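> starting from these lines, generate the structure:
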Amino acid sequence: MQSQNAHDTIRPCRNSSTPPEPKSQAPKKKKGQVERGADTPVECLEVRAGILDVQETLQARVRELRWKIRDENLNESSWTFLRDLTKDELLGLIKQDSMPRGIEWDRGVATIQVLTTLVDEGYARTILKVHFRGYGESKDKLVTPREWWALDSNGTLEESFIETLRKHFVPAARQ
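Below is the predicted model of the structure:
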């Protein structure tokens, strides 16, 4: 007897090596989201599909959105690239409370990493990590100038990738 319905094509990521924490101690987070360091979300989803199917689905979505990407590194289980962001795009994708005060932002860069590995029962686990850098100048001329600032994601970009997988791999009758 299988534990999953034969028609299930997506599921939250499983971590069998770590026992679940008691609910009173576990921080609240979105379904499929695990924490990495300083409140930066890492999205994870398991899809009943091959690694290449998952990677190609996400790459097709990036082409459809006509994102200008650079420094792309691609292999059979990972895809890493940089996406340049306008000031408005940057401000819409980061946690506002993670921004240093007094910076006049002019642009940003998102480093996007997609890792896909095969797991049990024919599923491919996809983990999305996004790091943001903001570029601008401090209004305070006494502050030591910096080239960029690391900023925390608000999860919007990661969730858009997860949503692409959900829409592509969930049968139409179940949506």
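> report the buried residues of stretch 121-131.
123-131 (16 or more other C-beta atoms under 10 Å). For glycine as for every other residue, the C-beta is placed from the backbone atoms N, C-alpha and C.
> nope, stretch 155-170 is what I meant
Buried residues in stretch 155-170 (16+ other C-beta under 10 Å): 155, 157-159, 161-162, 164-166, 168-169.
> which residues of this structure score low on pLDDT?
Scanning the chain with the threshold set as pLDDT under 70 gives 1-7, 16-41, 171-175.
> tell me which stretches of it form strands.
Secondary structure of the chain (DSSP state E): strands at 10-12, 33-36, 40-47, 69-74, 78-86, 103-118, 124-138, 149-151.
> what strands line up against the first one, and which way round?
Same thing as strand 10-12. Applying DSSP bridges, strand 10-12 is found paired with strand 40-47 (antiparallel).
> can you list contacts of the partner strand?
Contact with strand 40-47 is made by 9-14, 29-30, 32-36, 53-54, 119, 123-131, 152-153, 155, 158-159, 161-162, 165-166, 169, as judged by C-beta atoms under 8 Å, 6 or more residues apart in numbering.
> stretch 137-152 too?
Everything outside stretch 137-152 that qualifies as a contact, by C-beta under 8 Å, 6+ apart, is 38-40, 90, 94-95, 98-100, 102-104, 106, 108-109, 131-136.
> just the CA coordinates for that stretch, please, in CSV.
Output in CSV follows, covering the C-alpha atoms of stretch 137-152 (Å, rounded to 0.1, in the frame of the first residue of the first chain):
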residue,chain,number,x,y,z
GLU,A,137,24.6,55.7,-1.8
SER,A,138,24.3,56.7,1.8
LYS,A,139,22.7,60.1,2.4
ASP,A,140,25.0,60.3,5.5
LYS,A,141,28.4,61.5,4.1
LEU,A,142,30.1,60.4,7.3
VAL,A,143,29.3,56.8,6.8
THR,A,144,32.0,54.7,5.1
PRO,A,145,31.0,54.2,1.5
ARG,A,146,30.0,50.6,0.5
GLU,A,147,29.6,49.1,-3.0
TRP,A,148,26.5,47.1,-2.0
TRP,A,149,24.3,45.9,0.9
ALA,A,150,23.0,42.4,1.4
LEU,A,151,19.2,42.5,1.8
ASP,A,152,16.7,39.9,2.9
